[in-house]
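**Student:** Here you go, sequence then predicted model.
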Amino acid sequence: MDKRAAIIAGFIAAAVSLAAGMGVLQYLHENALGLPRLLATIALGRDALDPEITSSTTALAVGIGVHLVLGLVFAFLISFTLHRWGFWVGLIGGGLFGLALYAINTYTMSRFFPEFFFYRSWFMLAFHVLFGALCGGIYEALERDRKSTFRGYR
């Protein structure tokens, strides 16, 4: 497993999926900052949802930080699981991993964080699949083959 590729894939996939999620919320005339605020509740509690208690800047920074850290953790899981089979398996397998991640995140997290219940929707499903597919595909595209770096294999 190539740790460098996993870190890059995790950051890119997390950033793209968060930006896409915020963009769709804005397009649907919802509050685009609602998604980072929701993620901030994992670290700050329910007060992160109230703008009078937690500033928008704090909630945004903590929410993005939580999303990036979780993205890295899930990127390492995807990389460890799918690193042997190539780009297409990384892309499709990553998408399936994202689907499983959606089910785990929304149905488990809503037990501990009831505010997650309202984000059970088609677009959250799509963004989890997008994250997984991007992460798996980017990882496979960036992964270095270790055999070619050993002496005698050139």
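**Tutor:** Okay, I see it. Given the structure is predicted, the values throughout are model-derived calculations rather than measurements.
**Student:** any low-confidence regions in the protein?
**Tutor:** Scanning the chain for pLDDT under 70 picks out 145-154.
**Student:** where do the helices sit along it?
**Tutor:** 3-27, 34-44, 56-82, 87-112, 122-142 (DSSP state H).
**Student:** Include distance to Asp50 and mean neighbour count when you put the ones you listed into JSON lines, please.
**Tutor:** Every residue, glycine included, has its C-beta placed from N, CA and C. JSON lines is the format used below for the helices of the chain (distance: least, Cβ to Cβ, whole Å; neighbours: other Cβ atoms under 10 Å):
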{"stretch": "helix 3-27", "distance to Asp50": "18", "mean neighbour count": "18"}
{"stretch": "helix 34-44", "distance to Asp50": "9", "mean neighbour count": "21"}
{"stretch": "helix 56-82", "distance to Asp50": "9", "mean neighbour count": "18"}
{"stretch": "helix 87-112", "distance to Asp50": "19", "mean neighbour count": "17"}
{"stretch": "helix 122-142", "distance to Asp50": "22", "mean neighbour count": "22"}
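**Student:** give the contact list for Met22.
**Tutor:** By Cβ atoms under 8 Å, 6 or more residues apart in numbering, Met22 lies in contact with Ala32, Leu33, Leu35, Pro36.
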